[in-house]
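A.B. asks: Give the three-dimensional model of this entry:
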Amino acid sequence: MRVVALTRFVLISFLVLISSSVYALTPDKTAEETVKESLDQILILIEKYGDQDDPAEYLQNMQTLLEPVVGYELIAGRVMGKYLSSATIEQKRRFLEVFKTSLINTYALGIKSFKGLSFEIVPSKDDKKDTFKNTRVYLEVVDKSGTHYPVVQSMYYSKNRNGWAMQNVTFNGVNIGVTFRNRFDRLMKEAGGDVDKAIDMWTEMVQKSWDEKTYINPSKELLEDSQDSDSDI
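C.D. replies: As a prediction, the model looks like this:
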């Protein structure tokens, strides 16, 4: 009887554990819903600030919108690539801070340049491969001239957020994550393998683009390191 009771207890405990895990990995929204809602809000923001020359307030509001739905730490770590393991905690913190600014500026000002745009989510091409670690959301972005741009947002489920967050985006064939990683790798080579120096160089690039009189859209400079690919970073 004790063996039977113990067996039942173990089975019940196991089922409770499994059901709890499944519940914990059940987001309130799908990846597609998360992308659609965030893009709806972004389009409203673009409409509001579209004609303003000073991007500071626009970027601040964009940062607020992106904060819950972008996995900055995950992306920054992947951008550092093979240099991540040897970097100190302080170096990782410094790079995360400046990379976050780069990503917000590039995304926000890049998408703002397409005035009068609209978007629609298209059926997934590989939904059977979708997992909590990587689910791709396919979109078609259309500018006011009617030109279509394919976009793929790679999302992952975060238990801490209890929702989906972006870990990469491919715009019109250009893989942003890989492109940023190419940039960091290039700077590391120019810096002779000095992580601090490479981060300083990245910071200088961000500061250089931020000139209130002649603001440079960083997405244009990023094309120098661009990588055409639909794979994930």
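
A.B. asks: Val70: what's it in contact with?
C.D. replies: Remark: with contacts taken as Cβ atoms under 8 Å, 6 or more residues apart in numbering, Val70 is in contact with 103, 165-166. In this view, the C-beta of every residue, glycine as well, is placed from N, C-alpha and C.

A.B. asks: no no, Gln41
C.D. replies: Leu65.

A.B. asks: distance of it from Asn61?
C.D. replies: 10 Å (Cβ to Cβ, to the nearest Å).

A.B. asks: ok, back up a step: out of the contacts of Val70, who's nearest Ile111?
C.D. replies: When these are compared for distance to Ile111 (Cβ to Cβ), Leu103 wins out at 12.2 Å.

A.B. asks: so who does that closest one touch?
C.D. replies: Contact analysis of Leu103 by Cβ under 8 Å, 6+ apart lists 70, 72, 75, 180.

A.B. asks: Give the buried residues for stretch 81-93.
C.D. replies: 81, 83-84, 87, 91-92 (16 or more other Cβ atoms under 10 Å).

A.B. asks: And for stretch 96-111?
C.D. replies: Within stretch 96-111, the residues that qualify as buried are 96, 98-111, counting by 16+ other Cβ under 10 Å.

A.B. asks: and if you look at stretch 182-200?
C.D. replies: Residues 182-185, 187-188, 191, 195, 198-199 are the ones in stretch 182-200 that count as buried (16+ other Cβ under 10 Å).

A.B. asks: ditto for stretch 152-164
C.D. replies: Neighbour counts over stretch 152-164 (16+ other Cβ under 10 Å) mark 152-158, 163-164 as buried.

A.B. asks: send the alpha carbons of the longest strand seen in the chain over as CSV?
C.D. replies: Secondary structure of the chain per DSSP state E: the longest strand is strand 148-158. The C-alpha coordinates for strand 148-158 follow below in CSV (Å, rounded to 0.1, in the frame of the first residue of the first chain):
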residue,chain,number,x,y,z
HIS,A,148,6.3,46.5,-50.7
TYR,A,149,9.1,45.6,-48.3
PRO,A,150,9.3,42.1,-46.7
VAL,A,151,10.0,42.1,-43.0
VAL,A,152,10.6,39.1,-40.7
GLN,A,153,10.6,39.7,-36.9
SER,A,154,12.1,36.8,-34.9
MET,A,155,10.4,36.6,-31.5
TYR,A,156,11.1,34.6,-28.3
TYR,A,157,8.9,34.0,-25.3
SER,A,158,10.2,35.6,-22.1
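
A.B. asks: Check which element follows the helix or strand of the chain with the lowest mean pLDDT along the chain.
C.D. replies: Among the helices and strands of the chain, helix 2-24 carries the lowest confidence by mean pLDDT, DSSP states H and E, at a mean of 40. As assigned by DSSP states H and E, the chain's next helix or strand after helix 2-24 is helix 31-49.
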